[in-house]
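Student: next one to model:
(2 chains)
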Amino acid sequence: MNISRRKMLILLPAAAVAWESVLAGTPEASPNYKMTDHWWGMLIDVSKCIGCGNCVRACQTENDVPDGYFRTWVERYHVDDTHLENPTVISPDGGKEGFPIAKEDAGKYFFVPKMCNHCSDSPCTQVCPVGATFIGPDGVVLIDQKYCLGCAYCVQACPYGCRYIHPTKAVADKCTLCYHRITKGLTTACCESCPTGARQLADLKNPNDPIHEFLKTHNVQVLKPQMATGAKAFYNDLDGSVR
Amino acid sequence: MSGVEGYMYPNEITLYWSVLIVLYPFITGLVAGAFILASLERVFRVEAVKPTYRLALLTALSFLLVAPLPLVLHLGHPFRSPEMYFTPHSTSAMAMFGYVYLWYLMAVLVLEIWLDYRREIVLLSQSSKGLLRLVYKVMTLGSSNISEHSLAIDERVGWIVTLVGIPSAFLLHGYVGFIFGSIKANPWWSSPLIPVVFIFSAMVSGIAGVMLIYMATTKMRGGKIDMRCVDATAMYLFYIFIIDFSLEMLDLIHRIYEADESFRSLNFMAHTQLFFSQIVLQICLGTLVPLVLLFLTQVVKLPEIARKYMYVISGSLALISVFAMRWNVVIGGQLFSKSFLGYTTYKMELVTREGLLVAIALTLLPLLFLWVLVKLLPPWPEKSAHSPAAAD
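Tutor: Model (predicted):
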């Protein structure tokens, strides 16, 4: 094929745009997924978490989370007998590489995985000036990143610190509950990688989901219930000192 | 981690609202305050402040034109900002910004200025030459009727616009306060008092700003400062400042006495990171000193020169205080963790889009706009009297 220099100069930018589109790929379809059949949440069993950081690493890999920001992270609490209201908390690099060995013997230690609570009355969706972040009919709080202004009002409104502004995309970002996976019948990357089953994806609309039995028989709480956000990250064995 | 003390949620370490978001309520506050000062003459017939009337309107307009810039510059995607107008989210306090802004700009300020200046604009469109003539022609909006009857209608409509403008000015700035006050996740912001405090501090900054601009421009023009006007303006500044300070103290005392779960965190912050900006700048230097000075001018018979100096010092300190208050709200509200277990540090950049240089430029830009507006629509009585004479 004989292509002149002039033609080449015209074709190259077009080819670059086309290649970018090929790389971006088309979103995978989920023809069998019906949003109204689900109401997603997450069960987090604090007593089972060993602070290995697998969930954080899996999430970062699965969702291409930028360094220094977290869609999920793990905190280690140290609650001294005499300072029940003032725990010492650490989460080095979001707990991605685990935790240093605890030095003090006094008091109790435990790990608390954190993530977006996919609140049903979420303050973050309430404040978004253009409705770029929204709760779907299946209870997952998502962000339309092609629409988000990057004003960070939602970041300020989230009581749990689960949102951030993506450093390169300049839009709000957070846990999507691995929406690309759960709509295909898979579980989330964090649940998949948890070696102890401390995280369980829960579908509250599914009568056969074990979450119903679990909620009936265990001491389950949500974070910051006074915020009245309708949080759907349910914590088993949650200590009162956890914020 | 550097700049972090205690425990912050990992996504909280960076501050997402910068100095530009500090500027935004500061600038809109100046707008609302300046307009309310102008309305004193127009609606409440306070004749003493008449020399500042037009200057206050032009000051309000200059600052209002700049008000959205810090917000737009702060956005991750500034070009998507028109979506706030086209597809506003009905539950969002921020979504209403565009409408409140447009209402205030077009339905209140521009309309009032146009009605007030219409006679001069028509006369200047006839007497000016070249490009300026065209500018004034456009500003007449095709209406060159300046008959007595027509001007009487202008006066009446202008009065109604000002009347509507007063609640609008309250709405503009009260709304800005509501953006912060309605965030339940942040105890530093979440208070129904915040919009009220914002309104009164806005009035303080607006009155102080116009008083200083009036004194400076009169001095620059070699004119004589109308002491009756400045005395009256300072008196209003004093009274409004007392209300503002009382409200802020009420909020503070309420927090201290209630001492809820966030108190330990906020108390620590006020003694460390915010000590200088809140205790020293905002409360002691910016509020108590000007209040004492203004009080003295009210109760002691002082010579004119002493009063002038005291007004300049009080006005400047009042502006510093209000800016510090905005800083303490916006930046202070992001320095502590929502876990109440730690603190971060704000590192202001210098030359980036949200850096110090841009903030300084945005602070000075309204003064440039004001200079242009004053050239175009002279607010001085003698000038406006001179132009029609020239036209006749």
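Student: dump the residue contacts of A:Ala132.
Tutor: Residues near A:Ala132 by CB atoms under 8 Å, 6 or more residues apart in numbering or on different chains: A:143-145, A:147-149, A:171-172. Bear in mind the C-beta positions are built from the backbone N, C-alpha and C, glycine included.
Student: near chain B, list only the ones from these.
Tutor: Filtering those for proximity to chain B by CB under 8 Å from any CB of the partner chain leaves A:147-149, A:171.
Student: what is the nearest of these to A:Ala189?
Tutor: Nearest to A:Ala189, judged by CB to CB, of the ones next to chain B among the contacts of A:Ala132 is A:Val171 at 21.0 Å.
Student: these two touch, right, that closest one and B:Leu75?
Tutor: No: the pair A:Val171 / B:Leu75 is not scored as a contact, 10.0 Å apart, by CB atoms under 8 Å.
Student: anything in contact with each of the two?
Tutor: With contacts taken as CB under 8 Å, 6+ apart, A:Val171 and B:Leu75 have A:149-150 as neighbours in common.
Student: the two: which is more packed in?
Tutor: A:Val171 (22 against 19; other CB atoms under 10 Å in any protein chain shown).
Student: nearest residue to the more buried one in space, please, no chain neighbours.
Tutor: A:Cys148 (4.0 Å; CB to CB, 6 or more residues apart in numbering or on different chains).
Student: do you know how far the one you found is from A:Gly131?
Tutor: As judged by CB to CB, to the nearest Å, A:Cys148 and A:Gly131 stand 10 Å apart.
Student: looking at those two, which one has more neighbours?
Tutor: Legend: neighbour count by other CB under 10 Å for A:Cys148 and A:Gly131, higher for A:Cys148 (27 against 17).
Student: in what helix or strand does whatever residue of chain A ends up closest to chain B lie?
Tutor: Across chain A, the shortest distance to chain B (CB to the nearest CB) belongs to A:Gly150, at 1.9 Å. Using DSSP states H and E, A:Gly150 sits in no helix or strand.
Student: out of everything not next to it in sequence, what's closest to B:Ala48?
Tutor: B:Ala232 (3.7 Å).
Student: per-residue pLDDT, the one you found?
Tutor: Note for B:Ala232: predicted pLDDT of 96.
Student: just the helices in chain A please.
Tutor: A:5-24, A:54-63, A:123-127, A:153-157, A:179-182, A:189-193, A:211-217 (DSSP state H).
Student: revised request: answer the last question for the stretch 51-200 of chain B.
Tutor: B:53-66, B:68-74, B:83-86, B:97-102, B:111-127, B:130-140, B:148-181, B:193-220 (DSSP state H, counting those that start in this stretch).
Student: what's the closest of the ones you listed to chain A?
Tutor: Closest to chain A of the helices of the stretch 51-200 of chain B is helix B:83-86 (CB to the nearest CB; 4.6 Å).
Student: can you point out the buried residues in the closest one?
Tutor: For helix B:83-86, the neighbour count (16 or more other CB atoms under 10 Å in any protein chain shown) marks B:83-84 as buried.
Student: can you list the neighbours in contact with that helix?
Tutor: So helix B:83-86 is contacted by A:129-130, A:147, A:149, B:94-95, B:97-99 (CB under 8 Å, 6+ apart).
Student: which pLDDT value belongs to the nearest residue to A:Cys151 once chain neighbours are set aside?
Tutor: Of all residues beyond its chain neighbours, the one nearest A:Cys151 is B:Leu75 (5.6 Å), with distances taken as CB to CB, 6+ apart. The model reports B:Leu75 with a pLDDT of 96.
Student: residues of the stretch 51-200 of chain B that sit close to chain A?
Tutor: Residues of the stretch 51-200 of chain B lying close to chain A (CB under 8 Å from any CB) are B:71, B:74-77, B:80-81, B:83-84, B:87-89, B:91-95, B:97, B:179, B:182-186.
Student: closest residue of chain B to chain A?
Tutor: B:Gly76 (1.9 Å).
Student: got a list of what the nearest residue to that residue once chain neighbours are set aside touches?
Tutor: Spatially, and ignoring its direct neighbours in sequence, B:Gly76 is nearest to A:Gly150 (1.9 Å; CB to CB, 6+ apart). A:Gly150 makes contacts with A:165, A:170-172, B:75-77, as judged by CB under 8 Å, 6+ apart.
Student: all set, thanks.
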